[in-house]
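Participant: Provide a 3D model corresponding to the input given below.
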Amino acid sequence: MSNAAETDPGPRPQRIVLVTGASGAGRSTALNVLEDLGFEAIDNLPISLIPRLLDGPMPGPSLALGVDIRTRDFSARALADLIRALAAAPGLEADVLYLDCRPEVLLRRFSETRRRHPMAPAESPAEGVARELDILGPIRELASSLIDTSDLTIHEFRAEMTARFAPGGAAPLAVSLHSFSYKRGLPLGLDMAFDCRFLRNPYWNPTLRALDGRDPAVVAHVADDPRFSAFLDRISDLAALVLPAHRDEGRSHISIGFGCTGGQHRSVAVAEAVAKRLAATEWQVSIRHRELERRAQGAPARRAGTGA
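Facilitator: Just a heads-up that it's a prediction; the model follows:
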């Protein structure tokens, strides 16, 4: 007869998601999504009271705590100390989600709502945004998860939250693929990135320049590079190794980026090809083409003479 003590895995750790970030970056929406996913959501509980909450019986199977600069007794040092304590506490599975957003987008959101910034009630919102981001810099570095909400619609934000935090195995490992332009920098929160700039560039073909990497003619042009198939095979082999490992470690989400000069042709074609391969092996895949989305939203056109 087997020993029950040898087969009993014991109680599951209590899951806690601490949600923080800049005012206007979407903390309330994030907490609403977590509540929909079955978390017990508590917003703006004083930092000094959070350890007491964790000392007693938990209010539910999973707990989401919202903390920002409006929280009573807030200080960056106190929040940093709390984050370290949660990470070291036995029996807790703690995740710190930092919601990031570009300053100009935060400023636009405050302008649209005509609300005063909590860090500058008698000054301009721009001063409050800058002050808050400076204070939260060390907290951002301690976060285990980061979502940049600058360019996300409310539906995209909710989908990203669901992919990352659906509890109890309700969702398998979600894989997000991103194409991007190196001229605008890497998307925040990537776990790994691949440089596609060595592949044949459709930009220099006048008939392909206005198209993007989802067009069959562009795909054929990129795939005609003798290095394309080997590159795709190596990425697929790496994914076959690391994705199950991340899933087995309990991760719910991983982000992979593909970059090229303009984010229009090569990175898009490679991201689409990788997405098809991953989906064929039953991974849950979403894909986002950052520069194509900016173009569709009417972003300023690329300067003449720049490659994609």
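Participant: Quick check: phi and psi on residue 74?
Facilitator: Dihedral pair for residue 74: phi -70, psi 140, per degrees, to the nearest 10.
Participant: Near the closest residue to it other than its chain neighbours, how many other residues are there?
Facilitator: Spatial nearest neighbour of residue 74, excluding adjacent residues (Cβ to Cβ, 6 or more residues apart in numbering): residue 47 at 6.4 Å. Where C-beta positions appear, they are placed from N, C-alpha and C, glycine not excepted. Look at residue 47: counted by other Cβ atoms under 10 Å, it has 18 neighbours.
Participant: Would you confirm that residue 47 contacts residue 82?
Facilitator: Yes: if you go by Cβ atoms under 8 Å, residue 47 and residue 82 touch, sitting 5.8 Å apart.
Participant: Now do the shared contacts for the two.
Facilitator: Common neighbours of residue 47 and residue 82, counting by Cβ atoms under 8 Å, 6 or more residues apart in numbering, are residue 67.
Participant: what mean pLDDT does the helix or strand containing residue 84 have?
Facilitator: In this assignment (DSSP states H and E), residue 84 forms part of helix 76-88. Mean pLDDT, helix 76-88: 89.
Participant: Of all the residues in that helix, which ones are buried?
Facilitator: Neighbour counts over helix 76-88 (16 or more other Cβ atoms under 10 Å) mark 78-79, 82-83, 86 as buried.
Participant: again, but for stretch 196-212
Facilitator: 196, 199-203, 208, 211-212.
Participant: So which of those are in strands?
Facilitator: The strands, defined by DSSP state E, take in nothing from those.
Participant: Adding pLDDT and distance to residue 95, write the residues you listed out as a markdown table.
Facilitator: Putting the buried residues of stretch 196-212 into a markdown table (pLDDT from 0 to 100; distance: Cβ to Cβ, whole Å) gives the following:
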| residue | pLDDT | distance to residue 95 |
| --- | --- | --- |
| 196 | 98 | 31 |
| 199 | 97 | 36 |
| 200 | 96 | 41 |
| 201 | 96 | 40 |
| 202 | 97 | 40 |
| 203 | 95 | 40 |
| 208 | 96 | 43 |
| 211 | 96 | 40 |
| 212 | 96 | 35 |
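Participant: I'd like to know which of those residues is nearest to residue 271.
Facilitator: Of all the buried residues of stretch 196-212, residue 196 has the smallest distance to residue 271: 8.8 Å, by Cβ to Cβ.
Participant: That closest one and residue 203, how far apart?
Facilitator: Between residue 196 and residue 203 the distance, using Cβ to Cβ, to the nearest Å, works out to 13 Å.
Participant: Kindly report the same for residue 18.
Facilitator: For residue 18 relative to residue 203 (Cβ to Cβ), the value is 44 Å.
Participant: what does residue 119 give?
Facilitator: From residue 119 to residue 203 the distance is 43 Å (Cβ to Cβ).
Participant: Pull the residues that contact the helix or strand following the helix holding residue 84.
Facilitator: Next along the chain after helix 76-88, taking DSSP H and E as the criterion, comes strand 92-100. The contact list for strand 92-100 (Cβ under 8 Å, 6+ apart) reads 13-22, 25-27, 30, 54, 83, 86-87, 136, 139-140, 142-150, 165, 188, 250.
Participant: isn't residue 146 right up against residue 189?
Facilitator: Yes: taking Cβ under 8 Å as the definition, residue 146 is a contact partner of residue 189 at 4.4 Å.
Participant: where exactly do the helices run in the stretch 101-250 of the chain?
Facilitator: 103-113, 125-142, 154-165, 216-223, 228-248 (DSSP state H, counting those that start in this stretch).
Participant: Mean pLDDT and mean neighbour count added to these, as CSV?
Facilitator: Formatted as CSV, the helices of the stretch 101-250 of the chain follow (pLDDT from 0 to 100; neighbours: other Cβ atoms under 10 Å):
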stretch, mean pLDDT, mean neighbour count
helix 103-113, 83, 16
helix 125-142, 88, 17
helix 154-165, 83, 18
helix 216-223, 97, 18
helix 228-248, 94, 14
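Participant: So which of those helices is nearest residue 38?
Facilitator: helix 154-165 (9.8 Å).
Participant: and residue 36, which of the helices of the stretch 101-250 of the chain is closest to it?
Facilitator: Short answer: helix 154-165, nearest of the helices of the stretch 101-250 of the chain by Cβ to Cβ, at 8.3 Å.
Participant: Counting by contacts, list what that closest one packs against.
Facilitator: Applying 3 or more Cβ pairs under 8 Å, 6 or more residues apart in numbering; DSSP states H and E, one finds that helix 154-165 makes contact with helix 27-36, strand 145-148, strand 174-181, strand 284-289.
Participant: Need the winner for burial among the ones you listed.
Facilitator: Greatest average neighbour count among these goes to strand 174-181 (a mean of 23), per mean count of other Cβ atoms under 10 Å.
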